[in-house]
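# model the structure of this input:
(chains A and B)
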Amino acid sequence: MRPLRLLWWSLPLLGLAELGGHVYFSRRAPSLAQWQQLRPAVEQLRGAGELVVVAPSWAEPLARHALGDAAFPLEQLGRADVTPFARAIEISLLGQRAPELEGWRPVVEEQHGKFWLRVLENPQPARLSYDFLRAFGPHSARVTSDGRPCAWTTTGRATAGGLHGPMASPTQRFQCGGGDAEYVGLTLLDDQDYRPRYCLWAHPPRQGQLVIEFPEATLGPLLRGYGGLSWFLMRDGAGTPVELEVRVDGRSLGRWEHRDEQGWRGFEFATGVPAGTRATVEFRVSSADPAQRQFCFQADSR
Amino acid sequence: MTRRQAWLTDLSVAALLLTAYVALLLATAPTLGYARDEGFYFQAARSYEAWFKLLVDRPLEALEQATIDRYWSANREHPPLMKSLFALSHWLLFEKWRLLPDAGTAMRLPGMVMGGLWLATTYAWGAKAIGRLPAVIAAVSLGAMPATFYHSHLDCFDVPVATMWLATTWAYARSLDAGGWRWAVATGLLYGLFLATKHNAWIFPLAVLAHVVLTRGRAVWSGWRRGRASLPAALLAMAVLGPLVLYGSWPWLWHDTGQRLVGWAAFHLKHDYYNMEFLGRTYWKPPMPLGYAWVMTAATVPTVTLALSVVGLSGAVRRLVTPYWRRWRRQAEAVRWDQPQRRSTELLWLLCILASYGPWLSPGTPIFGGTKHWLTAYPFLCLFAAQGFAAVCAGLTRGLEGATWAARGRRAGVKLAAAAVLVAPVVMTAHSHPWGLSAYVPLVGGAPGAATLGLNRGFWGYQTGALAPFINEWAPKNASVYVHDTALQSWEQLRADGRVRADLRGTLSIVGSSVALYHHEAHMARVEQQIWVVYGSVSPTHLGVYDGVPVAWLYLRPAAAPAAAPP
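Numbering: from 1, shown residues only, chains lettered A, B, ... in the order given. Below is the predicted model:
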């Protein structure tokens, strides 16, 4: 009977255990100072252009603060996926791993205090023939809107709509008209997980098509990419679909339709040309009702 | 101890709890930023204050409809009691008598006092129903939750309405015990003030009616059949005095009353759906997750407090159900509770908990304020925790019966147990400041565990206060600061109170800013992404970090930084 009576102590003991748990968990994650001390180790491991991934992802702002802009180029933060990367540095804490690097082979593994740094190699990195976002610019692309050419500018009017407004517009862009949405330029889109996606803003024009042309693209057998609209703004799914048509040297590879509620999603076309072929690639964007169609996409050929 | 001595002792303890908690809130308020909604209530309070001044100077003009509409249309979706108190506190305690250091604290003070009264009332009821030490456990446990401690600082309505719920319930219970009209009238008046505090008061009659039906339904029904109204007088007082007090306290209702009441109700019955992250998913439209309120309670209320509540509650449920069970098993001829007064009280507490969580049983109820929605349940949970503690003490002293040092040992054991059940809540709550909305209990792995689970990290942009020293240090002279989720009115109050530099102008334009704040919520990520593009930098200059978890951070625009350029 007495041992049963002693069970009453379990509640006060629970209080003490909770205190112990609090002390443990409040000190478990690395502090800001410990993050800052990590910089030399990451810089030593990271080769040029290599991806840095933080696990768990909520700690990434701390890594950006500690490691600076150089470790997190915008196009890597807004990557469509990890397939083109050959190597990545995983900064792991609290025993967490990055799901997107699952299946990658660890080649270096080091513990630095509360961190594990792992250099991981992609077993099958995709070899890109052409990255349309990387190539985008006045020398490699032309843009027309309903047949009228859009002019390259480096002094476009910067805008950012905040939580309920459009994505930020870059100052360097092809300007197609007077409106803030009438341009083609590189920006970031929020996807259905609210993650950033680096992409080409391609709002369809009021009439006709927006045509983004890359005259000297080097193609592989596949042309693939992703597209979407801001998930936060368009997740109600009330907008008119956006259509993307891809042409190679004037030949249509196909049309791809995007509806708002689909979020950021992929497309893929067979180019039908031998790898290494240089060709003119056109992305034609249109919508039956283009109001508020803040479409954004990324593409490559591999 | 005579009855009067006992009364004086309880009054002293209640007063001590009230003053100590208010003092603690006042001492910690300067580091807690003004939340988004506080800004709107600051603005409304200023408008009401202007009307009060006009009422003193030119009463006839103040009572004209056009004047009332002009001053009282501000924030008319919420009733007036607390905003009027914020206004009077600002006018008298800050502007006139300079008793408080700044305007923001003066406007917050009535909310803090309500927080103190919340604890004091919990103690008073607990002392009467259970005993003094368990009542102290209940009151301290209520104050020692990160969420209640945070909300008790604010010039908002959530803690005040929880206080009014508790006080009205207590008066109702006293009216049943004492009979007569004194406590019944008090119940009616308190219910009027409750209605004038926040619309949670609309739900309260359901709990009281259920209580009447379950405790005296048969008597009411037989009286009804004999043509005698035998409803408790408090119900009648609530029905008559409640609306009168609401009407009298709210000038906005003095004209076009029906239409404005409908507008008030419509605002809340058709409330917007906000975004809320829960277990890694952001909910923004129905159906909302039915487990939300329960899981968030378990994740944010100290586990030891909840465990004591479960012990107390299970004992109460057993006592409430046993007579029905006996009757069903034909072991008794009728349902008879032993200690009917105590059972009635326990049933009332239970019904208040159920009524507070009730709206969350509908998948259509919008989640727009996280845990604050059911703060009204917490004093009753804590009263059950007090019962749980009393049961623990009884169990512990039974365990010590055989010892020779029994008497001293019992006392020491009880004191140790009290310390053991309070130490974690108190330490966790002290540690949570000023990140109260970001605090989670060890059960879910603390703040890092909650971040990994995908639980909300904060809302209302209250974190700007914690970032203020860094903003003041880093921001260039005369900078425009993008305030993100902090309302501009809240920013202006921070500036007026000298908590952020006077030369820093708040703005809602990222492009027009040179310092940008970011308060993290999953769906807000697109705001940070816009900052990256506009500032040409993804590296925050400083982060507000709680237990290793980034909660809010700030960006400084690099000089002449290019916007996102092709690589």
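# which ones are touching the residue in the stretch 451-567 of chain B that chain A sits nearest to?
Closest contact between the stretch 451-567 of chain B and chain A, by Cβ to the nearest Cβ, is at residue B:548 (2.5 Å). The way it works is simple: take the backbone N, C-alpha and C, and place the C-beta from them, glycine included. Residue B:548 sits next to A:28-31, A:59, B:447-448 when contact means Cβ atoms under 8 Å, 6 or more residues apart in numbering or on different chains.
# domain map for chain A?
Following automatic domain parsing, one finds the domains of chain A at A:32-121, A:130-301.
# please state the offset of the first one from the chain centre?
So that's domain A:32-121. Centre-to-centre, domain A:32-121 and its host chain are 15 Å apart (Cα atoms, centre = their mean, to the nearest Å).
# next one: the longest one
For domain A:130-301, the gap between its own C-alpha mean and the chain's C-alpha mean amounts to 14 Å (Cα atoms, centre = their mean).
# what does stretch B:362-380 give?
With Cα atoms, centre = their mean, you get 10 Å for stretch B:362-380.
# and what of stretch B:216-231?
Distance of stretch B:216-231 from the chain centroid (Cα atoms, centre = their mean) equals 37 Å.
# state the mean pLDDT of that stretch.
Stretch B:216-231 comes out with an average pLDDT of 83.
# which ones are touching residue 245?
Because you didn't say which chain, this covers chain A. A:209, A:252, A:254-256, A:282-284, A:286 are the contacts of residue A:245 under Cβ under 8 Å, 6+ apart.
# meant chain B actually
B:188-189, B:191-193, B:195-196.
# just those residues: which are in helices?
Members of the contacts of residue B:245 lying in helices (criterion: DSSP state H): B:188-189, B:191-193, B:195.
# indicate which one of the domains of chain A is closest to residue B:311.
Residue B:311 lies closest, by Cβ to Cβ, to one member of the domains of chain A: domain A:32-121, at 32.8 Å.
# excluding chain neighbours, what is closest to residue B:21?
residue B:116 (4.4 Å; Cβ to Cβ, 6 or more residues apart in numbering or on different chains).
# burial measure for the one you found, as a count.
For residue B:116, the neighbour count with other Cβ atoms under 10 Å in any protein chain shown is 24.
# can you tell me the SS state at it?
Classification of residue B:116 by DSSP: H, G, I helix; E, B strand; the rest coil places it in helix.
# quick one: contacts for it?
Counting by Cβ under 8 Å, 6+ apart, residue B:116 makes contact with B:17-19, B:21-22, B:25.
# buried subset of these?
B:17-18, B:21-22, B:25 (16 or more other Cβ atoms under 10 Å in any protein chain shown).
# list the buried residues for the top helix by length along chain A?
If you go by DSSP H, chain A has its longest helix at helix A:10-28. Neighbour counts over helix A:10-28 (16+ other Cβ under 10 Å) mark A:11-12, A:14-15, A:17-19, A:21-23, A:25-26, A:28 as buried.
# pipe those residues into a markdown table and attach distance to chain B and pLDDT per row.
Shown next, in a markdown table, are the buried residues of helix A:10-28 (distance: Cβ to the nearest Cβ, whole Å; pLDDT from 0 to 100):
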| residue | distance to chain B | pLDDT |
| --- | --- | --- |
| A:11 | 5 | 95 |
| A:12 | 3 | 96 |
| A:14 | 5 | 97 |
| A:15 | 4 | 98 |
| A:17 | 8 | 98 |
| A:18 | 4 | 98 |
| A:19 | 4 | 98 |
| A:21 | 3 | 98 |
| A:22 | 5 | 98 |
| A:23 | 8 | 98 |
| A:25 | 3 | 98 |
| A:26 | 5 | 98 |
| A:28 | 6 | 97 |
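# show me which residues of the stretch 151-300 of chain A are close to chain B?
Neighbours of chain B within the stretch 151-300 of chain A, by Cβ under 8 Å from any Cβ of the partner chain: A:158-163, A:167-172, A:185-188, A:190, A:194-196, A:230, A:232, A:235.
# now, the residues you listed that are in helices?
In this view, these that belong to helices under DSSP H are residue A:232.
# and residue 132, how many neighbours?
Answering for chain A, as no chain was given. By other Cβ under 10 Å, neighbour count at residue A:132 equals 22.
# my question was about chain B
Neighbours of residue B:132 using other Cβ under 10 Å come to 15.
# next, it: phi, psi?
phi -70, psi -50 (degrees, to the nearest 10).
# rewinding a little: so what pLDDT did the residue of the stretch 451-567 of chain B closest to chain A get?
Confidence score, pLDDT, at residue B:548: 98.
# residue contacts, the nearest residue to it once chain neighbours are set aside?
Nearest residue to residue B:548, sequence neighbours excluded (Cβ to Cβ, 6+ apart): residue A:29, at 2.5 Å. By Cβ under 8 Å, 6+ apart, the residues touching residue A:29 are A:59, A:93-94, A:114, B:447-448, B:547-549.
# now do the phi/psi pair for residue A:29.
Taking degrees, to the nearest 10, you get phi -80, psi 150 for the backbone angles of residue A:29.
# need the pLDDT of it.
98.
# what does residue B:399 give?
On the pLDDT scale, residue B:399 is placed at 58.
# could you do the one 4 residues further on as well?
Among the per-residue scores, residue B:403 holds a pLDDT of 59.
# do residue B:326 as well
pLDDT, read off for residue B:326, is 83.
# go on, residue B:566?
Residue B:566 is assigned 37 on the pLDDT scale.
# kindly report the same for residue B:560.
The model's pLDDT for residue B:560 equals 39.
# also the one 3 residues further on?
As summarised for this prediction, residue B:563 has a pLDDT of 43.
# now for chain A, the helix or strand with the poorest mean pLDDT.
Confidence across the helices and strands of chain A bottoms out at helix A:2-6, with a mean of 69, counting by mean pLDDT, DSSP states H and E.
# can you map out the helices along the stretch 401-550 of chain B?
Ranges of helices within the stretch 401-550 of chain B are B:406-432, B:446-453, B:464-474, B:488-496, B:525-535, based on DSSP state H, counting those that start in this stretch.
# lowest-confidence stretch among those helices?
helix B:406-432 (a mean of 92).
# residues in contact with residue A:267?
Counting by Cβ under 8 Å, 6+ apart, residue A:267 touches A:224-227, A:244, A:256.
# top of these by neighbour count?
Neighbour tally across the contacts of residue A:267 (other Cβ under 10 Å): the maximum, 26 neighbours, falls on residue A:227.
# setting aside sequence neighbours, what's the nearest residue to residue B:214?
Nearest to residue B:214 is residue B:347, by Cβ to Cβ, 6+ apart, at 6.1 Å.
# the most centrally placed residue in chain B in helix, strand or coil?
Nearest to the mean C-alpha position of chain B, counting by Cα atoms, centre = their mean, stands residue B:159 at 3.0 Å. Following three-state DSSP, we place residue B:159 in the helix state.
# that one touches residue B:118, doesn't it?
Yes. Assessed by Cβ atoms under 8 Å, residue B:159 is found in contact with residue B:118 at 6.2 Å.
# find residues that contact each of the two.
Shared contacts of residue B:159 and residue B:118 (Cβ under 8 Å, 6+ apart): B:148, B:152.
# can you pull the residues of the stretch 351-500 of chain B lying near chain A?
B:388-389, B:391-392, B:395-396, B:398-399, B:416-417, B:420-424, B:427-428, B:431, B:441-443, B:445-449, B:451-452.
# helix/strand/coil for residue B:33?
Three-state call for residue B:33 (three-state DSSP): coil.
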